[in-house]
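> Provided below are the primary sequence and the corresponding predicted coordinates.
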Amino acid sequence: MLISFHSLEDRLVKDALREAGRNKIFEVLTKKPVIAQEQEQMRNPRSRSAKMRSAEKQGTGTREQGTAGKYKG
């Protein structure tokens, strides 16, 4: 689960999740970002810019040898 607070951050998150989904590393669970409801935005004005995206790690994926189990991307 990732939360971004700026449109440029959200673009990076969106592109990274899309690419990881294509490589079968993650399954993207949210097609569009989840945003705060109007009541929350009234109580907490900072929540206006927050966008949450969610993905689930898959059991398969491409790993590069010699990286001690870390994904290269």
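Good, I have the coordinates.
> the longest helix anywhere in the chain - what's its average pLDDT?
Secondary structure of the chain per DSSP state H: the longest helix is helix 7-22. Helix 7-22 carries an average pLDDT of 94.
> cool, and stretch 40-49?
Mean predicted lDDT for stretch 40-49 stands at 95.
> then stretch 53-62?
Rounded mean pLDDT across stretch 53-62 is 80.
> just to revisit the earlier point, so which elements touch the longest helix of the chain?
Counting contacts by 3 or more Cβ pairs under 8 Å, 6 or more residues apart in numbering; DSSP states H and E, helix 7-22 packs against strand 2-4, strand 26-28, strand 51-53, strand 55-57. C-betas here are computed from N, CA, C, even on glycine.
> show residues contacting the first one.
What that stands for is strand 2-4. 10, 12-13, 17, 33, 50-55 (Cβ atoms under 8 Å, 6 or more residues apart in numbering).
> are any of the residues you listed buried, and which?
Burial by neighbour count, 16 or more other Cβ atoms under 10 Å: within those this picks out 10, 13, 17, 33, 50-51, 53, 55.
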